[in-house]
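Colleague: Got a predicted structure plus its sequence, pasted below:
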Amino acid sequence: MWISSPWVKLKSLYQDASYRRLALALGLSLLLHLFLIGKFSFNLPNLNEQHDLIEARLVLPKALPSPVLNPPAVKKPVEKQVESNKPMEQKEEKPLEPVAQVNQQPALLPEPPPTETVTSIEPPEVAQPIVENPVEEAGLIAKPKPYQYIESEFDVYADKDDVPNRSIAGSARVVYQRLPNSERYQIKSLIQAKGLISLVIPVLLQTSDGYFDGIGLQPQHYFYKFGDKKDKTFSADFDWESKKLTLHSQKGDQTFDLQAGTQDLLSFMYQFMFVPPLQNMQLNITNGKKLGIYDYIFEGEETLTTKLGDIKTVHISRMAPEGEKKTELWLALDYQHVPVKIRETSGNGNMYELVITSLDARLEPLPLP
């Protein structure tokens, strides 16, 4: 009786038309909801993907300090990847890029700039010394205009400069000039003793005159006279057309073949203005008595202390055979290799030395008196 009473109530409710419509509506609604739930599905956000982005951002602060704290560890992978990543250099201008690309490029950025800088700097550094030095050695750079007038005065000593308190034995004056409006030159040298020694040692006179050729001085006539003695008077005539050299002395005349570039005792000292001393160290030179081949050697660069002050020079000397006169020259580097000190030592050991006391060098010739 207690069990059947609920069913009786449900039966009575079902027989009621309003309750029956309500139950039908609830049933249809339930079926509709089940149908919709079965057909459509809702995907929740994938939490794993969000974790991937979070992990990428966490790696960035670890990658940035690593090149600073551990530079050796960063350089090794960089050396292997520089060539393969060079095309990516253009993408560095983009300010906004994914975090994953930023992690690869910070270690690569320091390398490409040095590589490009080295290749761009090397050509000018290599080109400058290679172009300039050989040109200077070949003589292609314009040389300074040779002096047209040089007047030099010297003190003459009979002892070497290492002798303490040596006295002045005489004086010398040498004048080199290019004749105005002409292709001719003249050189005159006069050496004379001072005091009582002048009664014993006569005046030494030398002259040289000639032309300018394409190289420098081309002597035509040379004259040497030591006192009034005929046996100490010599001369030389240069015939460049027939290529013959004739020497005149008390003993008679001698004729030799005239080689290109032959000089006399005066002209060869001023030829260094046109041909630097170290460029040609073998010269054919005549003193009016004989013709010889003079081989000069480079003794070194020296700074002379003179009455004009300190003068930088090139020291060259002739290594003469035993018993012959040895000649040494000190040529001024700042004055177109003009001789500022001359020393001659004879075969018997006697010597005289000229040291400059006055120098007047001009780029324009002086008018003739």
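Modeller: It's in.

Colleague: measure stretch 145-163 end to end?
Modeller: Taking Cα to Cα, to the nearest Å, stretch 145-163 runs 39 Å from one end to the other.

Colleague: all strands of the stretch 201-350 of the chain, in order?
Modeller: Secondary structure of the stretch 201-350 of the chain by DSSP state E, counting those that start in this stretch: the strands cover 204-212, 217-226, 233-239, 244-249, 252-257, 263-264, 282-286, 291-306, 309-318, 326-332, 339-345.

Colleague: and of these, who's closest to Pro180?
Modeller: strand 204-212 (13.4 Å; Cβ to Cβ). Backbone N, C-alpha and C define where each C-beta goes, glycine included.

Colleague: what's that closest one packed up against?
Modeller: Strand 204-212 sits against strand 184-193, strand 217-226, with contacts defined as 3 or more Cβ pairs under 8 Å, 6 or more residues apart in numbering; DSSP states H and E.

Colleague: Give me the contacts around the last one.
Modeller: Residues from elsewhere that reach strand 217-226 (Cβ atoms under 8 Å, 6 or more residues apart in numbering): 185, 202, 204-212, 232-238, 240, 262-267, 270-271, 274, 286-289.

Colleague: what's the closest non-adjacent residue to Thr306?
Modeller: Ile356 (5.7 Å; Cβ to Cβ, 6 or more residues apart in numbering).

Colleague: Which element, helix or strand, includes the one you found?
Modeller: Remark: Ile356 resides in strand 351-362, with elements defined by DSSP states H and E.

Colleague: Just the mean pLDDT for that strand, thanks.
Modeller: pLDDT averaged over strand 351-362 equals 96, rounded to a whole number.

Colleague: Number the chain from 57, please
Modeller: Noted, 57 is the first residue going forward, which turns the last one into strand 407-418.

Colleague: So what angle separates the directions of that strand and strand 365-374?
Modeller: Interaxial angle, strand 407-418 versus strand 365-374 (axes from the mean of the first three to the mean of the last three Cα atoms, to 10 degrees): 120 degrees.

Colleague: Can you list the strands that strand 407-418 pairs with?
Modeller: Using DSSP bridges, the strands paired with strand 407-418 in its sheet are strand 205-213 (antiparallel), strand 395-401 (antiparallel).

Colleague: On the three-state scheme, Ala79 is what?
Modeller: helix (DSSP: H, G, I helix; E, B strand; the rest coil).

Colleague: if I look at it, how far off is Phe91?
Modeller: According to Cβ to Cβ, to the nearest Å, Ala79 stands 19 Å off from Phe91.

Colleague: Same question for Tyr352.
Modeller: Between Tyr352 and Phe91 the computed distance is 121 Å (Cβ to Cβ).

Colleague: Check the contact between Leu303 and Phe294; I expect there is one.
Modeller: No - judged on Cβ atoms under 8 Å, Leu303 makes no contact with Phe294 at a distance of 10.5 Å.

Colleague: in this structure, which ranges drop under the pLDDT threshold?
Modeller: 57-72, 75, 92-198, 425 (pLDDT under 70).

Colleague: tell me the domain boundaries of this protein?
Modeller: Domain segmentation of the chain under automatic domain parsing yields 110-172, 205-418.

Colleague: so which of the ones you listed is the most packed in?
Modeller: Compared across the domains of the chain, domain 205-418 shows the largest average neighbour count, a mean of 16 (mean count of other Cβ atoms under 10 Å).

Colleague: And that one, end to end?
Modeller: Separation of the first and last residues of domain 205-418 by Cα to Cα is 5 Å.

Colleague: next one: stretch 270-290
Modeller: 28 Å.

Colleague: swap in stretch 310-323?
Modeller: Taking Cα to Cα, stretch 310-323 runs 21 Å from one end to the other.

Colleague: Show me what that stretch is in contact with.
Modeller: With Cβ under 8 Å, 6+ apart as the criterion, stretch 310-323 contacts 230, 243, 245, 262-264, 266, 271, 273, 275, 278, 280, 292, 294-296, 298-303, 327, 336, 339-344, 346-347.

Colleague: cutoff 6 Å now
Modeller: With Cβ atoms under 6 Å, 6 or more residues apart in numbering as the test, stretch 310-323 has contacts from 243, 245, 262, 264, 273, 275, 278, 299-303, 327, 339-343, 347.

Colleague: The residue lying closest to Ala214 once chain neighbours are set aside: what's it in contact with?
Modeller: Spatial nearest neighbour of Ala214, chain neighbours left out: Ala225 (4.4 Å); criterion: Cβ to Cβ, 6+ apart. If a contact means Cβ under 6 Å, 6+ apart, then Ala225 has Val212, Tyr213, Ala214, Ile253 as its contacts.

Colleague: quick one: which of the domains of the chain is nearest Leu424?
Modeller: domain 205-418 (6.6 Å).

Colleague: When Ala79 and Phe91 are compared, which one has more neighbours?
Modeller: A direct count of neighbours by other Cβ atoms under 10 Å for Ala79 and Phe91 places Ala79 higher, at 13 against 10.

Colleague: Distance of the more buried one relative to Thr383?
Modeller: Distance from Ala79 to Thr383, counting by Cβ to Cβ: 145 Å.

Colleague: cool, and Phe354?
Modeller: Counting by Cβ to Cβ - Phe354 and Thr383 are separated by 14 Å.

Colleague: before we move on, the earlier item: from the contacts of Ala225, pick the one nearest Leu86.
Modeller: Tyr213 (139.6 Å).
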